[in-house]
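# Curious how this folds, go ahead:
(one chain, ligands or ions: 2)
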Amino acid sequence: MDSNQPYDILIKAATILTMDASNRIIPSGAVGIRDGIIVDLGPVERFAQSQARVTIDGSHQVLMPGLVNAHTHAAMTLFRGFADDIPLEPWLTRIWPLEMRFATAENVHKASTLAFVEMIRGGITTAADMYWQAEATTQAALITGLRLVNGIGLIDTVGNEGSRDKEEPVRRFIETYRNHSRIHPCVQVHSTYTVSQESLQIAHRLALEYHLPLITHASETRTEVQNLIHRTGMTPIGYLESLGMLHHGTVLVHCVHLQDDEIERLAQQEVAVIHCPESNLKLGSGIAPIPALLKKGVTLGLGTDGAASNNDLDLWGEMRTAALIHKGASEDPTVVTAMEVLYMATLGGAKALGLDNLIGSLEIGKRADLITVSLEGAHLIPQYDVISHLAYAAKSSDVRNVIIDGNLVLHEGSLLTADEERIKEEIKSLAMDVASFYPDYNPRLI
Ligand SMILES: CSC[C@H]1O[C@@H](n2cnc3c(O)ncnc32)[C@H](O)[C@@H]1O
Ligand SMILES: [Zn+2]
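Ligands and ions are numbered 1, 2, ... in the order given. Here you go, the predicted model:
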(Lines give C-alpha, C1' and ligand atoms only; values in the text may rest on other atoms or scores of the structure.)
(Ligands and ions follow the chains in the order given, each with its own letter.)
Protein backbone atom coordinates (compact mmCIF):
# COMPACT_ATOMS: atom_id res chain seq x y z
CA MET A 1 0.00 0.00 0.00
CA ASP A 2 1.32 3.49 -0.86
CA SER A 3 1.69 5.24 2.47
CA ASN A 4 1.68 8.68 0.76
CA GLN A 5 -1.87 8.10 -0.39
CA PRO A 6 -4.37 10.31 1.44
CA TYR A 7 -6.28 8.72 4.28
CA ASP A 8 -9.99 8.22 3.80
CA ILE A 9 -10.46 9.68 7.27
CA LEU A 10 -8.00 11.34 9.64
CA ILE A 11 -9.17 11.95 13.22
CA LYS A 12 -7.29 14.10 15.66
CA ALA A 13 -8.16 14.03 19.35
CA ALA A 14 -7.07 15.39 22.71
CA THR A 15 -6.55 11.88 24.03
CA ILE A 16 -6.46 8.47 22.37
CA LEU A 17 -7.41 5.54 24.52
CA THR A 18 -6.21 2.50 22.61
CA MET A 19 -7.33 -0.35 24.92
CA ASP A 20 -4.43 -2.31 23.39
CA ALA A 21 -2.46 -4.90 25.40
CA SER A 22 -0.38 -2.20 27.10
CA ASN A 23 -3.39 0.09 27.61
CA ARG A 24 -1.59 2.84 25.78
CA ILE A 25 -3.03 6.34 26.18
CA ILE A 26 -1.74 8.88 23.65
CA PRO A 27 -2.16 12.55 24.59
CA SER A 28 -2.89 14.71 21.54
CA GLY A 29 -2.91 11.96 18.94
CA ALA A 30 -4.39 11.03 15.57
CA VAL A 31 -5.63 7.96 13.71
CA GLY A 32 -5.49 7.47 9.93
CA ILE A 33 -8.04 5.21 8.25
CA ARG A 34 -7.91 3.70 4.79
CA ASP A 35 -10.17 1.04 3.21
CA GLY A 36 -11.96 0.45 6.51
CA ILE A 37 -8.73 -0.23 8.41
CA ILE A 38 -6.68 1.68 10.98
CA VAL A 39 -3.46 2.23 9.04
CA ASP A 40 -1.74 4.73 11.29
CA LEU A 41 -1.97 5.87 14.88
CA GLY A 42 0.29 8.05 17.03
CA PRO A 43 1.13 11.53 18.31
CA VAL A 44 -0.53 14.25 16.25
CA GLU A 45 2.78 15.83 15.15
CA ARG A 46 3.45 12.75 13.01
CA PHE A 47 0.44 13.67 10.89
CA ALA A 48 1.40 17.30 10.18
CA GLN A 49 1.90 16.65 6.44
CA SER A 50 -0.86 14.06 6.06
CA GLN A 51 -3.64 14.43 3.53
CA ALA A 52 -7.13 13.06 4.07
CA ARG A 53 -10.46 13.08 2.24
CA VAL A 54 -12.18 13.82 5.55
CA THR A 55 -10.51 15.27 8.63
CA ILE A 56 -12.27 15.22 11.98
CA ASP A 57 -11.17 17.64 14.64
CA GLY A 58 -11.60 15.95 17.99
CA SER A 59 -10.14 18.70 20.17
CA HIS A 60 -11.40 18.30 23.75
CA GLN A 61 -12.50 14.76 22.86
CA VAL A 62 -11.35 11.26 23.68
CA LEU A 63 -10.87 8.91 20.74
CA MET A 64 -11.47 5.31 21.73
CA PRO A 65 -12.69 1.95 20.39
CA GLY A 66 -16.43 1.76 19.68
CA LEU A 67 -18.45 0.05 22.39
CA VAL A 68 -19.52 -3.57 21.97
CA ASN A 69 -23.06 -4.33 23.12
CA ALA A 70 -22.47 -8.06 23.54
CA HIS A 71 -26.10 -9.03 24.05
CA THR A 72 -29.33 -7.42 22.97
CA HIS A 73 -32.75 -8.04 21.42
CA ALA A 74 -32.78 -4.92 19.26
CA ALA A 75 -36.37 -5.04 18.00
CA MET A 76 -37.72 -5.12 21.54
CA THR A 77 -37.60 -1.31 21.42
CA LEU A 78 -41.19 -1.78 20.23
CA PHE A 79 -42.08 -3.08 23.71
CA ARG A 80 -40.03 -0.58 25.72
CA GLY A 81 -41.89 0.22 28.92
CA PHE A 82 -44.69 -2.26 28.22
CA ALA A 83 -44.01 -4.94 30.84
CA ASP A 84 -42.25 -3.32 33.79
CA ASP A 85 -41.82 -4.42 37.39
CA ILE A 86 -42.41 -8.16 36.99
CA PRO A 87 -39.97 -11.10 37.11
CA LEU A 88 -38.59 -12.80 34.01
CA GLU A 89 -41.03 -15.72 33.83
CA PRO A 90 -44.29 -13.69 33.87
CA TRP A 91 -42.49 -11.09 31.75
CA LEU A 92 -41.85 -13.68 29.04
CA THR A 93 -45.44 -14.94 29.33
CA ARG A 94 -46.59 -11.39 28.61
CA ILE A 95 -44.01 -10.66 25.89
CA TRP A 96 -44.23 -13.87 23.84
CA PRO A 97 -47.86 -13.42 22.66
CA LEU A 98 -46.96 -9.85 21.67
CA GLU A 99 -44.01 -11.14 19.67
CA MET A 100 -46.16 -13.77 17.95
CA ARG A 101 -48.42 -10.94 16.77
CA PHE A 102 -45.98 -8.08 16.16
CA ALA A 103 -42.55 -9.56 15.37
CA THR A 104 -43.12 -9.49 11.61
CA ALA A 105 -40.15 -8.86 9.33
CA GLU A 106 -41.36 -5.32 8.64
CA ASN A 107 -41.85 -4.44 12.30
CA VAL A 108 -38.57 -6.04 13.38
CA HIS A 109 -36.79 -4.02 10.70
CA LYS A 110 -38.30 -0.77 11.98
CA ALA A 111 -37.81 -1.50 15.67
CA SER A 112 -34.22 -2.69 15.12
CA THR A 113 -33.51 0.48 13.13
CA LEU A 114 -34.69 2.53 16.11
CA ALA A 115 -32.48 0.42 18.39
CA PHE A 116 -29.44 0.88 16.18
CA VAL A 117 -30.00 4.63 15.99
CA GLU A 118 -30.03 4.74 19.80
CA MET A 119 -26.94 2.53 20.00
CA ILE A 120 -24.91 4.45 17.42
CA ARG A 121 -25.78 7.76 19.11
CA GLY A 122 -24.47 6.18 22.31
CA GLY A 123 -21.16 5.08 20.80
CA ILE A 124 -22.02 1.40 20.27
CA THR A 125 -20.41 0.19 17.07
CA THR A 126 -21.08 -3.56 17.45
CA ALA A 127 -24.14 -5.36 18.78
CA ALA A 128 -24.78 -9.07 19.19
CA ASP A 129 -28.49 -9.59 18.58
CA MET A 130 -30.81 -12.51 19.27
CA TYR A 131 -34.33 -12.19 17.91
CA TRP A 132 -37.02 -13.38 15.57
CA GLN A 133 -36.65 -12.36 11.88
CA ALA A 134 -32.85 -12.25 12.01
CA GLU A 135 -32.67 -11.21 8.38
CA ALA A 136 -34.77 -8.09 9.02
CA THR A 137 -32.49 -7.07 11.91
CA THR A 138 -29.49 -7.68 9.69
CA GLN A 139 -30.89 -5.41 6.99
CA ALA A 140 -31.42 -2.71 9.62
CA ALA A 141 -27.74 -3.03 10.61
CA LEU A 142 -26.65 -2.87 6.98
CA ILE A 143 -28.61 0.36 6.48
CA THR A 144 -27.73 2.11 9.74
CA GLY A 145 -24.06 1.07 9.48
CA LEU A 146 -23.76 -0.93 12.71
CA ARG A 147 -21.52 -4.00 12.99
CA LEU A 148 -23.75 -6.94 13.91
CA VAL A 149 -23.23 -10.41 15.31
CA ASN A 150 -26.38 -12.33 14.49
CA GLY A 151 -27.86 -15.72 13.73
CA ILE A 152 -31.16 -17.52 13.45
CA GLY A 153 -32.11 -18.11 17.08
CA LEU A 154 -33.39 -21.58 17.85
CA ILE A 155 -36.34 -21.73 20.24
CA ASP A 156 -38.76 -24.64 20.37
CA THR A 157 -41.49 -23.83 22.81
CA VAL A 158 -42.88 -20.52 21.59
CA GLY A 159 -45.10 -20.65 18.51
CA ASN A 160 -42.52 -22.84 16.88
CA GLU A 161 -42.41 -26.26 15.38
CA GLY A 162 -39.61 -28.25 17.00
CA SER A 163 -36.21 -29.00 15.60
CA ARG A 164 -37.11 -30.28 12.11
CA ASP A 165 -36.24 -27.86 9.30
CA LYS A 166 -34.28 -25.73 11.76
CA GLU A 167 -30.85 -26.47 10.36
CA GLU A 168 -31.39 -25.19 6.84
CA PRO A 169 -32.27 -21.53 7.71
CA VAL A 170 -29.38 -21.41 10.17
CA ARG A 171 -26.99 -22.66 7.49
CA ARG A 172 -28.38 -20.27 4.89
CA PHE A 173 -27.84 -17.27 7.17
CA ILE A 174 -24.28 -18.36 7.94
CA GLU A 175 -23.45 -18.99 4.27
CA THR A 176 -24.89 -15.61 3.25
CA TYR A 177 -22.83 -13.58 5.71
CA ARG A 178 -19.75 -15.61 6.57
CA ASN A 179 -17.44 -13.38 4.50
CA HIS A 180 -19.17 -10.09 5.18
CA SER A 181 -17.02 -7.31 6.62
CA ARG A 182 -19.68 -6.06 9.06
CA ILE A 183 -22.19 -8.87 9.59
CA HIS A 184 -20.75 -11.72 11.65
CA PRO A 185 -22.84 -14.89 11.80
CA CYS A 186 -23.11 -16.86 14.99
CA VAL A 187 -25.22 -19.79 16.16
CA GLN A 188 -27.75 -19.13 18.88
CA VAL A 189 -30.20 -21.03 21.00
CA HIS A 190 -32.53 -19.24 23.38
CA SER A 191 -31.99 -21.34 26.52
CA THR A 192 -32.06 -24.80 28.05
CA TYR A 193 -35.69 -24.22 29.13
CA THR A 194 -37.06 -23.43 25.68
CA VAL A 195 -34.88 -25.54 23.39
CA SER A 196 -34.98 -29.31 23.08
CA GLN A 197 -31.87 -31.41 23.54
CA GLU A 198 -32.03 -32.26 19.85
CA SER A 199 -32.03 -28.56 18.83
CA LEU A 200 -29.20 -27.80 21.25
CA GLN A 201 -27.16 -30.53 19.61
CA ILE A 202 -27.96 -29.32 16.09
CA ALA A 203 -26.83 -25.83 17.07
CA HIS A 204 -23.68 -27.13 18.71
CA ARG A 205 -22.76 -29.19 15.66
CA LEU A 206 -23.24 -26.17 13.37
CA ALA A 207 -21.16 -23.92 15.62
CA LEU A 208 -18.31 -26.45 15.56
CA GLU A 209 -18.60 -27.03 11.81
CA TYR A 210 -18.41 -23.32 10.98
CA HIS A 211 -16.11 -22.32 13.87
CA LEU A 212 -18.66 -19.81 15.10
CA PRO A 213 -19.65 -18.63 18.57
CA LEU A 214 -22.57 -20.49 20.14
CA ILE A 215 -24.61 -18.04 22.19
CA THR A 216 -27.35 -18.87 24.72
CA HIS A 217 -29.04 -17.44 27.82
CA ALA A 218 -28.07 -19.48 30.89
CA SER A 219 -28.74 -19.44 34.63
CA GLU A 220 -30.55 -16.11 34.50
CA THR A 221 -33.00 -16.71 37.36
CA ARG A 222 -33.22 -18.96 40.39
CA THR A 223 -36.49 -20.36 38.99
CA GLU A 224 -34.77 -21.34 35.73
CA VAL A 225 -32.07 -23.22 37.62
CA GLN A 226 -34.52 -24.94 40.00
CA ASN A 227 -36.86 -25.97 37.17
CA LEU A 228 -34.03 -27.54 35.19
CA ILE A 229 -32.73 -29.38 38.24
CA HIS A 230 -36.27 -30.67 38.74
CA ARG A 231 -36.52 -31.80 35.09
CA THR A 232 -33.01 -33.19 34.51
CA GLY A 233 -31.20 -33.28 37.84
CA MET A 234 -28.74 -30.74 36.45
CA THR A 235 -28.26 -26.97 36.53
CA PRO A 236 -28.16 -25.20 33.13
CA ILE A 237 -24.35 -25.19 33.32
CA GLY A 238 -24.26 -28.89 34.23
CA TYR A 239 -26.74 -29.72 31.49
CA LEU A 240 -24.82 -27.85 28.77
CA GLU A 241 -21.63 -29.47 30.05
CA SER A 242 -23.22 -32.94 29.87
CA LEU A 243 -23.88 -32.27 26.17
CA GLY A 244 -20.23 -31.29 25.63
CA MET A 245 -21.23 -27.74 24.86
CA LEU A 246 -18.97 -25.87 27.27
CA HIS A 247 -15.69 -24.90 25.63
CA HIS A 248 -13.95 -21.99 23.92
CA GLY A 249 -16.48 -20.34 21.59
CA THR A 250 -19.47 -20.91 23.86
CA VAL A 251 -20.99 -17.66 25.09
CA LEU A 252 -23.37 -17.71 28.07
CA VAL A 253 -25.56 -14.69 28.65
CA HIS A 254 -26.45 -13.70 32.26
CA CYS A 255 -24.96 -16.45 34.50
CA VAL A 256 -26.55 -14.82 37.55
CA HIS A 257 -27.05 -18.02 39.52
CA LEU A 258 -23.82 -20.01 39.41
CA GLN A 259 -22.55 -22.50 41.94
CA ASP A 260 -18.97 -21.89 43.15
CA ASP A 261 -17.55 -24.88 41.29
CA GLU A 262 -19.34 -23.77 38.10
CA ILE A 263 -17.34 -20.53 38.09
CA GLU A 264 -14.15 -22.59 38.16
CA ARG A 265 -15.42 -24.87 35.37
CA LEU A 266 -16.45 -21.99 33.11
CA ALA A 267 -12.96 -20.56 33.54
CA GLN A 268 -11.23 -23.84 32.78
CA GLN A 269 -13.40 -24.51 29.74
CA GLU A 270 -12.78 -20.97 28.39
CA VAL A 271 -16.47 -20.19 28.18
CA ALA A 272 -17.25 -16.46 27.80
CA VAL A 273 -19.94 -14.77 29.87
CA ILE A 274 -22.01 -11.72 28.96
CA HIS A 275 -23.04 -9.58 31.90
CA CYS A 276 -26.35 -7.67 31.60
CA PRO A 277 -26.55 -5.97 35.00
CA GLU A 278 -29.42 -3.56 34.40
CA SER A 279 -31.74 -6.19 32.90
CA ASN A 280 -30.89 -8.55 35.77
CA LEU A 281 -31.67 -5.82 38.29
CA LYS A 282 -34.87 -4.66 36.62
CA LEU A 283 -36.30 -8.17 36.31
CA GLY A 284 -35.21 -8.86 39.89
CA SER A 285 -33.15 -11.81 38.64
CA GLY A 286 -30.22 -11.10 40.96
CA ILE A 287 -26.59 -10.02 40.64
CA ALA A 288 -24.14 -12.12 38.65
CA PRO A 289 -20.92 -13.17 40.47
CA ILE A 290 -18.75 -10.92 38.31
CA PRO A 291 -15.97 -10.34 40.87
CA ALA A 292 -15.47 -14.12 41.15
CA LEU A 293 -15.62 -14.59 37.36
CA LEU A 294 -13.06 -11.79 36.93
CA LYS A 295 -10.80 -13.36 39.54
CA LYS A 296 -10.85 -16.66 37.65
CA GLY A 297 -10.03 -14.89 34.38
CA VAL A 298 -13.29 -15.60 32.56
CA THR A 299 -13.72 -13.50 29.41
CA LEU A 300 -16.53 -11.04 30.11
CA GLY A 301 -18.59 -8.85 27.80
CA LEU A 302 -21.27 -6.33 28.70
CA GLY A 303 -24.80 -6.24 27.24
CA THR A 304 -27.89 -4.11 27.55
CA ASP A 305 -30.27 -7.00 26.83
CA GLY A 306 -33.47 -5.75 25.15
CA ALA A 307 -35.18 -2.39 25.68
CA ALA A 308 -38.18 -4.12 27.27
CA SER A 309 -36.10 -5.23 30.26
CA ASN A 310 -33.62 -2.38 30.70
CA ASN A 311 -35.21 0.02 29.37
CA ASP A 312 -32.53 1.78 27.34
CA LEU A 313 -29.70 0.62 25.13
CA ASP A 314 -26.99 2.67 26.78
CA LEU A 315 -23.68 0.95 27.47
CA TRP A 316 -22.32 3.92 29.48
CA GLY A 317 -25.07 3.37 32.01
CA GLU A 318 -24.38 -0.35 31.89
CA MET A 319 -20.67 0.20 32.65
CA ARG A 320 -21.50 2.44 35.58
CA THR A 321 -24.11 0.01 36.93
CA ALA A 322 -21.73 -2.92 36.52
CA ALA A 323 -19.01 -1.13 38.46
CA LEU A 324 -21.32 0.07 41.22
CA ILE A 325 -23.56 -2.92 42.00
CA HIS A 326 -20.70 -5.30 42.67
CA LYS A 327 -18.98 -2.83 44.99
CA GLY A 328 -22.24 -2.42 46.89
CA ALA A 329 -23.18 -6.09 46.94
CA SER A 330 -19.74 -7.18 48.17
CA GLU A 331 -19.19 -4.14 50.41
CA ASP A 332 -15.84 -3.81 48.69
CA PRO A 333 -15.16 -0.83 46.37
CA THR A 334 -12.00 -2.44 44.99
CA VAL A 335 -13.95 -5.03 42.98
CA VAL A 336 -14.94 -4.39 39.34
CA THR A 337 -12.85 -1.31 38.61
CA ALA A 338 -13.39 1.46 36.07
CA MET A 339 -10.78 -0.15 33.80
CA GLU A 340 -12.44 -3.56 34.09
CA VAL A 341 -15.88 -2.31 33.01
CA LEU A 342 -14.34 -0.32 30.17
CA TYR A 343 -12.56 -3.47 29.04
CA MET A 344 -15.80 -5.49 29.21
CA ALA A 345 -17.54 -2.86 27.06
CA THR A 346 -14.81 -2.92 24.39
CA LEU A 347 -12.13 -5.59 23.94
CA GLY A 348 -13.72 -8.02 26.42
CA GLY A 349 -17.00 -8.05 24.47
CA ALA A 350 -15.11 -8.37 21.19
CA LYS A 351 -13.12 -11.32 22.59
CA ALA A 352 -16.24 -13.02 23.93
CA LEU A 353 -17.77 -12.82 20.44
CA GLY A 354 -14.60 -14.02 18.69
CA LEU A 355 -13.95 -10.63 17.08
CA ASP A 356 -10.90 -9.45 19.03
CA ASN A 357 -8.64 -9.95 16.02
CA LEU A 358 -10.80 -7.37 14.18
CA ILE A 359 -12.12 -4.85 16.69
CA GLY A 360 -12.24 -3.86 20.38
CA SER A 361 -9.02 -1.83 20.51
CA LEU A 362 -7.32 0.82 18.40
CA GLU A 363 -4.39 -0.90 16.73
CA ILE A 364 -2.88 -0.68 13.28
CA GLY A 365 -4.40 -3.39 11.09
CA LYS A 366 -7.70 -3.61 12.97
CA ARG A 367 -11.03 -2.60 11.39
CA ALA A 368 -11.75 1.06 12.05
CA ASP A 369 -14.55 1.02 14.65
CA LEU A 370 -13.99 4.08 16.78
CA ILE A 371 -15.78 6.90 18.53
CA THR A 372 -15.02 10.32 19.90
CA VAL A 373 -16.43 11.42 23.25
CA SER A 374 -16.59 15.08 24.20
CA LEU A 375 -15.03 16.06 27.49
CA GLU A 376 -16.66 19.47 27.59
CA GLY A 377 -19.85 18.68 29.53
CA ALA A 378 -20.16 20.10 33.05
CA HIS A 379 -20.37 16.52 34.35
CA LEU A 380 -16.85 15.86 33.00
CA ILE A 381 -15.02 18.82 34.58
CA PRO A 382 -12.29 18.73 35.87
CA GLN A 383 -10.26 15.94 34.30
CA TYR A 384 -7.81 13.92 36.35
CA ASP A 385 -8.41 10.46 34.97
CA VAL A 386 -9.89 9.69 31.57
CA ILE A 387 -10.72 6.07 32.50
CA SER A 388 -12.66 7.25 35.55
CA HIS A 389 -14.68 9.72 33.47
CA LEU A 390 -15.53 7.15 30.80
CA ALA A 391 -16.65 4.50 33.29
CA TYR A 392 -18.39 6.65 35.88
CA ALA A 393 -19.47 9.96 34.38
CA ALA A 394 -19.74 9.94 30.56
CA LYS A 395 -23.13 9.72 28.85
CA SER A 396 -24.39 8.70 25.44
CA SER A 397 -25.00 12.36 24.62
CA ASP A 398 -21.24 13.01 24.92
CA VAL A 399 -20.56 10.88 21.83
CA ARG A 400 -19.77 13.20 18.89
CA ASN A 401 -18.41 10.99 16.09
CA VAL A 402 -18.84 7.31 15.27
CA ILE A 403 -16.91 5.44 12.61
CA ILE A 404 -17.75 1.81 11.87
CA ASP A 405 -15.69 -0.30 9.49
CA GLY A 406 -14.14 2.93 8.23
CA ASN A 407 -17.51 4.56 7.50
CA LEU A 408 -18.48 7.80 9.17
CA VAL A 409 -21.90 7.09 10.66
CA LEU A 410 -22.29 9.89 13.23
CA HIS A 411 -20.57 13.18 12.40
CA GLU A 412 -20.44 15.97 14.98
CA GLY A 413 -23.64 14.61 16.50
CA SER A 414 -25.53 14.20 13.19
CA LEU A 415 -26.58 10.72 12.15
CA LEU A 416 -25.69 10.18 8.48
CA THR A 417 -27.30 6.82 7.74
CA ALA A 418 -30.94 6.76 8.86
CA ASP A 419 -33.96 9.04 8.91
CA GLU A 420 -34.22 9.24 12.67
CA GLU A 421 -37.42 11.32 12.84
CA ARG A 422 -39.25 9.03 10.44
CA ILE A 423 -38.33 5.87 12.31
CA LYS A 424 -39.42 7.39 15.62
CA GLU A 425 -42.82 8.29 14.12
CA GLU A 426 -43.23 4.80 12.63
CA ILE A 427 -42.58 3.13 15.99
CA LYS A 428 -44.93 5.52 17.80
CA SER A 429 -47.67 4.58 15.37
CA LEU A 430 -47.00 0.82 15.74
CA ALA A 431 -47.05 1.21 19.52
CA MET A 432 -50.73 2.19 19.39
CA ASP A 433 -51.55 -1.35 18.17
CA VAL A 434 -49.25 -2.87 20.81
CA ALA A 435 -51.00 -0.86 23.54
CA SER A 436 -54.41 -2.27 22.55
CA PHE A 437 -53.26 -5.92 22.32
CA TYR A 438 -54.17 -6.88 25.89
CA PRO A 439 -57.71 -5.74 26.75
CA ASP A 440 -56.69 -5.36 30.41
CA TYR A 441 -53.72 -3.09 29.62
CA ASN A 442 -54.10 0.50 30.75
CA PRO A 443 -51.43 2.63 29.09
CA ARG A 444 -50.44 5.72 31.06
CA LEU A 445 -49.95 7.74 27.92
CA ILE A 446 -47.63 10.69 27.87
C1 LIG B 1 -35.34 -16.41 19.97
S2 LIG B 1 -35.73 -14.74 19.97
C3 LIG B 1 -35.16 -14.19 21.56
C4 LIG B 1 -36.20 -14.32 22.63
O5 LIG B 1 -35.59 -13.97 23.85
C6 LIG B 1 -36.53 -13.26 24.61
N7 LIG B 1 -35.85 -12.54 25.68
C8 LIG B 1 -35.58 -11.23 25.78
N9 LIG B 1 -34.93 -10.96 26.92
C10 LIG B 1 -34.77 -12.14 27.54
C11 LIG B 1 -34.17 -12.53 28.73
O12 LIG B 1 -33.61 -11.65 29.56
N13 LIG B 1 -34.17 -13.83 29.07
C14 LIG B 1 -34.75 -14.74 28.28
N15 LIG B 1 -35.35 -14.43 27.12
C16 LIG B 1 -35.36 -13.15 26.76
C17 LIG B 1 -37.24 -12.41 23.61
O18 LIG B 1 -38.44 -11.92 24.13
C19 LIG B 1 -37.40 -13.39 22.46
O20 LIG B 1 -38.57 -14.13 22.59
ZN1 LIG C 1 -31.36 -11.77 26.29
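
# Every contact and neighbour count from this point should use C-alpha atoms.
OK.

# Now do the SS call for the residue of the stretch 101-250 of the chain found nearest ligand 1.
Of all residues in the stretch 101-250 of the chain, the one sitting closest to ligand 1 is residue 131 (3.6 Å; CA to the nearest ligand atom). Recorded secondary structure, residue 131: coil (DSSP: H, G, I helix; E, B strand; the rest coil).

# Name the nearest residue to it, ignoring sequence neighbours.
residue 73 (5.7 Å; CA to CA, 6 or more residues apart in numbering).

# show me what contacts that neighbour?
Residues in contact with residue 73 (CA atoms under 8 Å, 6 or more residues apart in numbering) are 129, 130, 131, 305, 306, 307.

# Who are the contact partners of the first one?
If I follow you right, that is residue 129. Here residue 129 is in contact with 70, 71, 72, 73, 74, 148, 149, 150, 151 (CA under 8 Å, 6+ apart).

# The fourth one now?
Taking CA under 8 Å, 6+ apart as the definition of contact, the neighbours of residue 305 are 71, 72, 73, 276, 279, 313.

# Assess the claim that the last one and residue 118 are in contact.
Yep, that's residue 313 we're talking about. Yes. Counting by CA atoms under 8 Å, residue 313 does reach residue 118; the two are 6.7 Å apart.

# list the residues that contact both of the two?
In contact with both residue 313 and residue 118: no residue, using CA under 8 Å, 6+ apart.

# who has more neighbours, those two?
Neighbour totals were compared for residue 313 and residue 118, and residue 313 leads with 28 against 18 (other CA atoms under 10 Å).

# can you pull the pLDDT of that one?
Per-residue confidence (pLDDT) for residue 313: 98.

# now it, nearest residue through space, not along the chain?
Nearest non-adjacent residue to residue 313 (CA to CA, 6+ apart): residue 304, at 5.6 Å.

# Could you chop this protein up by domain?
7-64+370-415, 67-353 (the TED database).

# Which residues of the stretch 101-250 of the chain lie near ligand 1?
Selection of the stretch 101-250 of the chain residues close to ligand 1 by CA under 6 Å from any ligand atom yields 130, 131, 132, 153, 154, 155, 190.

# How many neighbouring residues does residue 58 have?
Residue 58 has 23 nearby residues by other CA under 10 Å.

# Make sure it is actually in contact with residue 10.
No. Applying CA under 8 Å as the test, residue 58 and residue 10 come out as separate, 10.2 Å apart.

# sec struct for the most centrally placed residue in the chain, please.
What sits nearest the mean C-alpha location of the chain, by CA atoms, centre = their mean, is residue 69, with 1.7 Å. Under three-state DSSP, the three-state class of residue 69 is strand.

# Same question for the residue lying farthest from the centre of the chain, what's its three-state structure.
Centroid-distance maximum for the chain: residue 49 at 37.8 Å, with CA atoms, centre = their mean. Recorded secondary structure, residue 49: coil (three-state DSSP).

# That concludes my questions; thank you for your assistance.
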